Every structure is written in structure tokens, then in C-alpha cells.
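A.B. asks: Here is a sequence together with a model predicted from it:
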Amino acid sequence: MSETPLRVVVLSDTHSPRFWKGLPTAVAAHLDGADLILHAGDVCTADVLDTLSGFAPVRAVLGNNDRPEVAAWGAPETLEVELAGVRVAMIHDSGPAAGRPARMRRRFPAADLVVFGHSHIPMDVSGEVRVFNPGSPTDRRRQPYGTLGLLDLADGVVRQASIVPLPR
């Protein structure tokens, strides 16, 4: 029997308050109906996590720009969790692009999916392990638009993964 997919919204690099000056309308539109929100670090201030928690449970990891309050909120350096039978690992900085899937497989040998941030470059690559970066909804850097990620997980598989461009 097939289970109902777990709908996960994936964010990273919101950089509050420099770039995240309150919940962007384009992000809020995707949070309604979420079962879980993953934040892959560089939240910077814990109020972002509090706001997101008003929509769904939030799991976050620490980024290199996060203030101590984000750790106090409950964000560890790495996270490994099973979601709808999918073994998900999360880390902020996955290192250089070259060799990333193999490196993440060594770092998280049990993971089916590794979620990361730091680069602000959206990515969904399957290899030795699937690696997924939602990009940034607020600090697009050299990207044409801000982005977030959506995952549907069920029955131990990633049924759907998408990078969603956000209007400016």
C-alpha cells in the first residue's frame, strides 16, 4: 500500500536580517500545506525559524553565518533523519563542487539524500548519493532568481524533487 507523500519545503541561505526582512510572500505561498520545513543553514537569526514553525515543523542545521541563537534554537552542525522511509542527511557546507556526491556518500554512508546550502546555487544531482541544494530565496548572488526546493517523499523514495524559481 502506497503512503501519502510527505511534502517538504527546503530552504537555505535566507540571511536574516540582511536579505530576509520578513517572510517573503513568494516563500509563504509554498509553506501552506507543508508537512515539514528543512533549512540548510545561514538562517542567521532564530526569528526566521520561529516564523517558519508557524507553518510546519522545522529542522535546521547551522551555517557559517548563523548566530549562537540559531544553535540555541536547536540547529546542530549536521542532521540525519528518516523521513517517510528516506534517509536524509543535512549539512550547510558540502565543500567544493568537484567530487561532491562521492564526498557526501563517505560523510553520510547511510543517506539516500543529502540536503545542503552555502553556495546559493540550486542543484539536484543523483550519483553515489542524491545531493540537493535549494539555492536561496533571498540572496540569489549570481543566479537569475531566488529559489527554494520542494520534495515529496514516500515509501522510502524521493517521488519528486524540484527547484522552484521565485518571482523578484
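C.D. replies: The structure has been received and is ready for your questions.

A.B. asks: low pLDDT regions in the chain?
C.D. replies: 1-2 (pLDDT under 70).

A.B. asks: hey, where'd the strands end up in it?
C.D. replies: Secondary structure of the chain by DSSP state E: the strands cover 6-11, 36-39, 58-60, 78-83, 86-91, 113-115, 123-125, 130-133, 147-154, 157-165.

A.B. asks: Could you export those as a markdown table, including distance to Gly22?
C.D. replies: Every residue, glycine included, has its C-beta placed from N, CA and C. Output for these, formatted as a markdown table (distance: least, Cβ to Cβ, whole Å):
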| stretch | distance to Gly22 |
| --- | --- |
| strand 6-11 | 14 |
| strand 36-39 | 16 |
| strand 58-60 | 17 |
| strand 78-83 | 26 |
| strand 86-91 | 25 |
| strand 113-115 | 24 |
| strand 123-125 | 27 |
| strand 130-133 | 24 |
| strand 147-154 | 16 |
| strand 157-165 | 19 |
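
A.B. asks: Compare the ones you listed and report which one is nearest to Asp50.
C.D. replies: Nearest to Asp50, of all the strands of the chain, is strand 58-60, at 8.8 Å by Cβ to Cβ.

A.B. asks: Can you tell me which helices and strands that closest one packs against?
C.D. replies: Contact here means 3 or more Cβ pairs under 8 Å, 6 or more residues apart in numbering; DSSP states H and E; on that basis strand 58-60 packs against strand 36-39, helix 46-53, strand 78-83.

A.B. asks: hang on, the earlier thing: now the strands of the chain in CSV, please, with extra columns for mean neighbour count and distance to Thr45.
C.D. replies: What follows is these, written out as CSV (neighbours: other Cβ atoms under 10 Å; distance: least, Cβ to Cβ, whole Å):
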stretch, mean neighbour count, distance to Thr45
strand 6-11, 24, 14
strand 36-39, 24, 12
strand 58-60, 24, 12
strand 78-83, 15, 19
strand 86-91, 23, 19
strand 113-115, 26, 21
strand 123-125, 15, 25
strand 130-133, 24, 21
strand 147-154, 22, 18
strand 157-165, 16, 24
